Every structure is written in structure tokens, then in C-alpha cells.
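Undergrad: I would like to see how this sequence folds:
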Amino acid sequence: MKNTALTFQEMKQKGEKISMLTCYDYSTAKLMEAAGINAVLVGDSLGNTMLGYPDTLSVTMEDMITYGRAVSRGCSDTLVVLDMPFMSYQASVEQAMINAGRLMKEGRGGCVKLEGGATVCPQIKAMTEAGIPVMAHLGMTPQSVNTMGGHKVQGKSRDAAEKLLEDAYAIQDAGAFSVVLECIPAPLAEFITKAIRIPTIGIGGGAGCDGQILVYQDMLGMFTDFVPKFVKQFGNVGEMMTKAFIDYDEEVKATTFPDEEHSFKMKDEEILKDLAEKLRPEQAIGGEVDPEYLERLY
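TA: Numbering: from 1, shown residues only. Modelled structure (predicted):
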């Protein structure tokens, strides 16, 4: 079944949980679709995991379009969500519309995601009215990391919790079809989930949300620069990859790879003897072709 903004709503109504992971390339997208993941987020987290930036702020529209295209080619039934990068929607509704349109047309997304509550509702309303499904994002919003003083849990005080609830109502009324709740206390995330009609997707929001999302390199143990408290490693793929790279390096240097099984044969090796007449010894290292090789050839 093809996953869409509409099926997300239907899943919430039926009490079915929604699974999401980040994704940044075609090969991984194919694997996630085969696993039955409902949606993949081409997140601006690619700034950290793929481009090596210390934050998400340096990610550009061109980055998002390039990675979005790659992921969308690997997904037939999985919903592809594309993040709107920092300063691609904050300045004006017109700016937001142009860039959201680019992500849908050039990045081939199924919807876009943006961070913020009441302040971005005009953008959400305009985009949804233009036929662009919008996923919102509340709580710890990485694009605002400098104003939040770092990656900190949000909604811990009464005023902060009330503000999150008000923002959830606001983005729902503006037309968002779902909302990511990041790094907020689990009881508050469950309260908001029960209070609104659109699905909530938790990341550090506890089990009471309608769905969950993780950065796939985090849950596979591939990204170790920073491991958030909410991350569970479902496999240590990073360790397996490192071991495979070490084995490869050792076999290459020991000349045990490639072996005969992984090499191509030549039907007529007499051709090499003919080619030997065209050798240019002065072009070889030391001004001569390896005599032991030539002796073996003849």
C-alpha cells in the first residue's frame, strides 16, 4: 500500500503506529522500503551525517534536492518527506512557497517538513492550499539550536508545555497533516498526541506518540560523534563495517585479494607474448619491465 499524508491520518484513527527513519541515498531507500518502513525523511540532519557539518544550518536547498532525488528513486510505496533547510522558509510566505515547490518538483518529495509553531502557520496554510502536504516539527528544533542554547529537552515548565500545546493546535489548524515532537517529556508528548487529530511522530518523545523516527545512522551504530539519550541501537552496523574495511585493507596488502575466484581469465594468453614486443621498458619503473614477470610470461 502506498503511504501518503492521507494514510497517516487513517493509521492514527485506527490506532496503528507509524514507522519513520531518515534516509539520504537510493540504496538505503530500497532497503527501508523492503522492510516496510512507512516513511523516510530526507532530513537536514544530512548536514551532520553525510556532509560532516557540526549542525544543520549550512545545508542548502541544492543539497536537499540532490539527496531527495536519490531517495525518491528508491521509494515506490514509502512516503518521502523532505526537510526545508534553514532560511528557506522563514523570511516570507512567498519564499516558502517557491522553495517548497522546488522540493516537490525537483526533489520529488511526497511532502515537505518545516520547523516551528505559530510563527510559521502562514507558510503552512499557503503551502497546503497550494497542494503541498506539510509535516510540522515542534519541541527541540535543530535549526534553532543557537537560540535554545544547545540540544535541550523542551516543554519542561508549565509555560513551555502550554506553548507547545498551543503551537500544536495552531499548526493543525493551518493544515499540517502531522507533526514531529522532538525531545519533550514523554507524558507531555502523549498529552499532545491525545489532544490533536493529526498524527504525532516522536523522536525523544516517548511511546505515547502515534509514530517514531530515528536517524538511521544512529540506530545502526554508524554515527558516533554524538549519540542522543533517546537513540536505541538496533544493530551495530558501524562495527561490522569497520571490521570489513580492516579485513579488506589487510587482504589487499597481503595480495590475497583478489584471488582467482574474483578475477577474469584470458582465453588466449599467447596475446600477451605478442604484446611483449611492443613493450617500452623506459616507461616502466627503473627503466625495465620486471624480468621475473617476463620470464614467467615466456
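
Undergrad: ok but Val180 is inside a helix, no?
TA: No. Under the criterion used here (DSSP: H, G, I helix; E, B strand; the rest coil), Val180 is strand, not part of a helix.

Undergrad: burial measure for it, as a count.
TA: Counted with other Cβ atoms under 10 Å, the neighbours of Val180 add up to 26. Every residue, glycine included, has its C-beta placed from N, CA and C.

Undergrad: quickly find the element holding the residue nearest to it when sequence neighbours are not counted.
TA: Spatial nearest neighbour of Val180, excluding adjacent residues (Cβ to Cβ, 6 or more residues apart in numbering): His137 at 4.3 Å. Assigned by DSSP states H and E, His137 falls within strand 134-139.

Undergrad: how about Val81?
TA: Per DSSP H and E, the secondary structure element for Val81 is strand 79-83.

Undergrad: how distant is that strand from the center of its chain?
TA: 9 Å (Cα atoms, centre = their mean, to the nearest Å).

Undergrad: quick check: mean pLDDT across that strand?
TA: Averaged over strand 79-83, pLDDT sits at 98.

Undergrad: show me what that strand is packed against.
TA: helix 5-14, strand 39-42, helix 61-73, strand 111-113 (3 or more Cβ pairs under 8 Å, 6 or more residues apart in numbering; DSSP states H and E).

Undergrad: quick one: closest of those to Ser27.
TA: Nearest of the helices and strands packed on strand 79-83 to Ser27, taken as Cβ to Cβ: helix 61-73 at 9.0 Å.

Undergrad: would you mark the buried spots in the closest one?
TA: Neighbour-count burial for helix 61-73 flags 61, 63-65, 67-72 (criterion: 16 or more other Cβ atoms under 10 Å).

Undergrad: export it to PDB, keeping only CA atoms.
TA: Extracted as PDB, the C-alpha positions of helix 61-73 are listed here (Å, rounded to 0.1, in the frame of the first residue of the first chain):
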ATOM      1  CA  MET A  61      18.300  23.800  -1.000                       C
ATOM      2  CA  GLU A  62      20.600  22.200  -3.600                       C
ATOM      3  CA  ASP A  63      21.700  19.700  -1.000                       C
ATOM      4  CA  MET A  64      18.200  18.800  -0.100                       C
ATOM      5  CA  ILE A  65      17.200  18.500  -3.800                       C
ATOM      6  CA  THR A  66      20.100  16.300  -4.700                       C
ATOM      7  CA  TYR A  67      19.600  13.900  -1.800                       C
ATOM      8  CA  GLY A  68      15.800  14.000  -2.200                       C
ATOM      9  CA  ARG A  69      16.100  12.900  -5.800                       C
ATOM     10  CA  ALA A  70      18.300  10.000  -4.900                       C
ATOM     11  CA  VAL A  71      15.900   8.700  -2.100                       C
ATOM     12  CA  SER A  72      12.800   9.200  -4.100                       C
ATOM     13  CA  ARG A  73      14.100   6.900  -6.900                       C
END
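
Undergrad: can you tell me the SS state at the residue nearest to Leu82 when sequence neighbours are not counted?
TA: Once flanking residues are discounted, Leu82 sits nearest to Gly109: 3.7 Å by Cβ to Cβ, 6+ apart. Under the three-state scheme (three-state DSSP), Gly109 adopts coil.

Undergrad: so Gly109 sits against Val42, correct?
TA: Yes. Using Cβ atoms under 8 Å, Gly109 makes contact with Val42 at a distance of 7.2 Å.

Undergrad: now do the shared contacts for the two.
TA: Common contacts of Gly109 and Val42 (Cβ atoms under 8 Å, 6 or more residues apart in numbering): 68, 80-82.

Undergrad: got the contact list for Val227?
TA: By Cβ under 8 Å, 6+ apart, the neighbours of Val227 are Asp218.

Undergrad: when you give positions from now on, start the count at 241
TA: Sounds good: first residue 241 from here, last item Val467.

Undergrad: what pLDDT does it get?
TA: At Val467, the model reports a pLDDT of 81.

Undergrad: hang on, it in a helix?
TA: No. Secondary structure of Val467 (three-state DSSP): coil, not part of a helix.

Undergrad: can you say which two of the shared contacts of Gly349 and Val282 are spatially most distant?
TA: Gly308 and Val321, at 9.4 Å, using Cβ to Cβ across the shared contacts of Gly349 and Val282.
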